[in-house]
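>>> Predicted model and sequence follow; I will ask about them next.
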Amino acid sequence: GGTKLLAVGLDAAGREVYRRREMTGRGLGPELALVLIAEIAGDARRTLGGLDAVGLGFPGLVDHHRGVARSSVMLDGWHEVELAAQLAARVAAPCAIDNDVNVAALHELALRGSSALLFVAVGTGIGGALVLDGKLWRGAHGLAGEIGHVAIARDGRPCNCGRRGCVNRYASGTAIDQPDGQPDGGPDGGLGDATAALGSAIGSALNLLDVPLVVLGGGVAERGPAYLEAVAAHARRECFREIGEACTFELARGGYDAAALGAALLARQARHAASSGAIRERT
């Protein structure tokens, strides 16, 4: 994520057998990240007596199929980094990467089995992921789901992405906590204006997608049911009545660890792909 690296190790039965957390920040560039992740992977290998594969959720735009971290507005210095291949070489194990909210949605999907949903993670920044027909929908280039950069104020506050008025600048944890993140038009800014801003973006997304379920995750969403209800009420006011009435809003079941656990699902897929490739080569 934008402020931490959380590593969770799972055994073949899906039980947690390893955990480590490191605080990071915007200055975590590619080389520093590779060194840190490789060091953690080595610690996990020594602790567990082995390491089969590594999955990584990255806070930015990711081409999952090529294993490339394309860019990030959360971390500096990332541009078209072949992260999966470089990490695999350092840890001597298969690796797979995806956007951090995508992997959180993978974990949520494993818990729910829903056919269609919009997952919105509200933490340091705001990210989104789509599940359609029971599968994660990454889009034509692997970049779908960036709801945090839906503009809700045409001439609004500047965003790190280079545009103005992105909902990320009004409703993320950073925007809520920092005085300069207070939304325009609110006397005090804060959580009430943030839920209105996020609801506006979600309502627009619902008009486009008409999914039956919106799941809110991330640290800000863990404020509880009152936060969820406020966002849902604003979203329903922003979309067609018929869509809003048919859409359910729920808090994520995966909790704080969802992205790390979803990355473990990626690791399992990477291990399976590597094993399948080895079998094809032998035959």
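Ah, there it is.

>>> Would you mind pulling the contact partners of stretch 121-128?
1-3, 59, 73-74, 99-101, 104, 118-120, 129, 145-148, 167-168, 171-174, 198, 205, 216-221, 252, 259 (Cβ atoms under 8 Å, 6 or more residues apart in numbering). C-beta coordinates here come from the backbone N, C-alpha and C atoms, glycine included.

>>> Show me which residues of it are buried.
By 16 or more other Cβ atoms under 10 Å, the buried positions in stretch 121-128 come out as 121-128.

>>> any idea which of those is the one closest to H234?
Ranked by distance to H234 (Cβ to Cβ), the buried residues of stretch 121-128 are led by V122 at 13.4 Å.

>>> measure the closest one to A274 for me?
35 Å (Cβ to Cβ, to the nearest Å).

>>> Residue for residue, what is the longest helix this structure has?
helix 258-282 (DSSP state H).

>>> Buried ones in it, by neighbour count?
258-271, 274.

>>> Any idea which of those residues the model trusts least?
Lowest pLDDT of the buried residues of helix 258-282: A274, 81.

>>> Identify the residue spatially nearest to that residue, adjacent ones excluded.
Using Cβ to Cβ, 6 or more residues apart in numbering and skipping the chain neighbours, the partner closest in space to A274 is P94 (4.1 Å).

>>> you'd agree G77 is up against P30?
Yes: assessed by Cβ atoms under 8 Å, G77 is found in contact with P30 at 6.2 Å.

>>> can you list the weak-confidence ranges in the chain?
Filtered on pLDDT under 70, the chain yields the residue ranges 179-189, 277-283.

>>> What segments of it are strands?
Per DSSP state E, the chain carries strands over the ranges 4-10, 16-23, 54-58, 61-63, 68-71, 79-81, 95-99, 117-122, 126-132, 135-137, 213-217, 248-251.
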